[in-house]
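# Whatever this is, show me its structure:
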Amino acid sequence: MTADHDRRWLVLAVIGVAQLMIILDSSIVNIALPDAQHALHISNADRQWALTAYTLTFGGLLPLGGRVGDYLGRKRIFLMSLIGFAAASALGGAAQNGAMLFSARAIQGVFAALLAPAVLSLITTTFVETKERAKAFAVYGAISGASSALGLILGGALTQYLSWRWTLLVNTPIAITVAFAAFPLLKESRAEGN
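Next comes the predicted model:
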């Protein structure tokens with residue numbers, strides 16, 4: 001087994017954690033929402049915006065996120081998105097009112113919409129052999145599938161033992177660590193042509 005072969009699986013581990021964070025973030029806040037609502041004096045009618053702001057920006061900007069990565073470089077967008085996601089998570093964890101929380105969640109969605117296509121593109125460009133690519137996407141699928149359930153469990157534990165704020169703040173050290181680990185491992189790639 002060559003060093004390049006080993007490196008590819010390290011790349012998958014790093015970008016797998018990024019994928020875990022994206023999917024986990026859509027469910028981790030669900031459990032903490034009643035506590036956040038009480039602490040920030042959010043009305044019942046507005047409470048849903050903590051989830052909707054993330055989902056709307058993420059889903060709405062996802063196609064654009066893929067194109068941005070194609071043109072500007074997938075590694076660059078991956079790293080920038082991780083740092084942006086970390087900052088938005090810190091902002092949400094420090095929210096002093098509902099508007100600040102909803103804004104932070106929307107910003108998280110924007111950076112997740114850039115990050116998710118970069119993850120898929122990096123898997124595709126890192127694993128060029130059909131058999132290895134199939135294994136890599138199987139790992140990706142397993143991470144994606146387990147993330148929602150893990151988000152509910154982790155959200156409950158963080159809310160009960162620490163604070164609802166940690167359901168957002170937990171992303172910051174994870175995203176920064178992944179960015180530092182990914183920088184020397186990832187190779188830059190762009191779409192060819194127009």
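# what's the burial count for residue 140?
Close neighbours of residue 140, defined as other C-beta atoms under 10 Å, add up to 17. C-beta coordinates here come from the backbone N, C-alpha and C atoms, glycine included.
# Against residue 162, how distant is it?
Here the distance between residue 140 and residue 162 works out to 30 Å (C-beta to C-beta, to the nearest Å).
# Equivalent analysis for residue 105, please.
Computed with C-beta to C-beta, the distance linking residue 105 and residue 162 is 19 Å.
# Touching stretch 131-139 from outside, list them.
8, 12, 16, 123, 124, 126, 127 (C-beta atoms under 8 Å, 6 or more residues apart in numbering).
# Widest-spaced pair of these?
With distances taken as C-beta to C-beta, the most widely separated pair in the contacts of stretch 131-139 is 16 and 124, at 14.3 Å.
# neighbour-wise, which of the two wins?
More crowded of residue 16 and residue 124, by other C-beta under 10 Å: residue 16, with 19 against 14.
# Please state the mean pLDDT value computed over the helix or strand containing the more buried one.
Using DSSP states H and E, the secondary-structure element containing residue 16 is helix 3-40. In this model, helix 3-40 carries a mean pLDDT of 83.
# Packing partners of the very next helix or strand once past that helix?
Of the helices and strands lying after helix 3-40 in sequence (DSSP H and E), the nearest is helix 44-47. In terms of contact count using 3 or more C-beta pairs under 8 Å, 6 or more residues apart in numbering; DSSP states H and E, helix 44-47 is assigned the packing partners helix 3-40.
# Now do the buried residues in the helix it packs on.
Neighbour counts using 16 or more other C-beta atoms under 10 Å place 8-9, 11-12, 14-33, 36-37, 39-40 of helix 3-40 among the buried residues.
# And for stretch 160-178?
For stretch 160-178, burial by neighbour count (16+ other C-beta under 10 Å) applies to 163-172, 174-176, 178.
# Quick check: chain neighbours aside, which residue is closest to residue 158?
Ranked by C-beta to C-beta, 6 or more residues apart in numbering and with sequence neighbours excluded, the top spatial neighbour of residue 158 is residue 166, at 4.2 Å.
# Contact partners for the one you found?
Contacts for residue 166 (C-beta under 8 Å, 6+ apart) come out as 93, 158, 159.
# out of these, who's nearest residue 186?
Residue 186 lies nearest to residue 93 out of these, by C-beta to C-beta, at 27.3 Å.
# Which strands and helices lie in contact with the helix or strand bottoming out on mean pLDDT in the chain?
Taking mean pLDDT, DSSP states H and E as the measure, the helices and strands of the chain show their lowest mean at helix 3-40, namely a mean of 83. Secondary structure elements in contact with helix 3-40, counted by 3+ C-beta pairs under 8 Å, 6+ apart, are helix 44-47, helix 49-72, helix 74-93, helix 98-126, helix 130-161, helix 166-169, helix 171-185.
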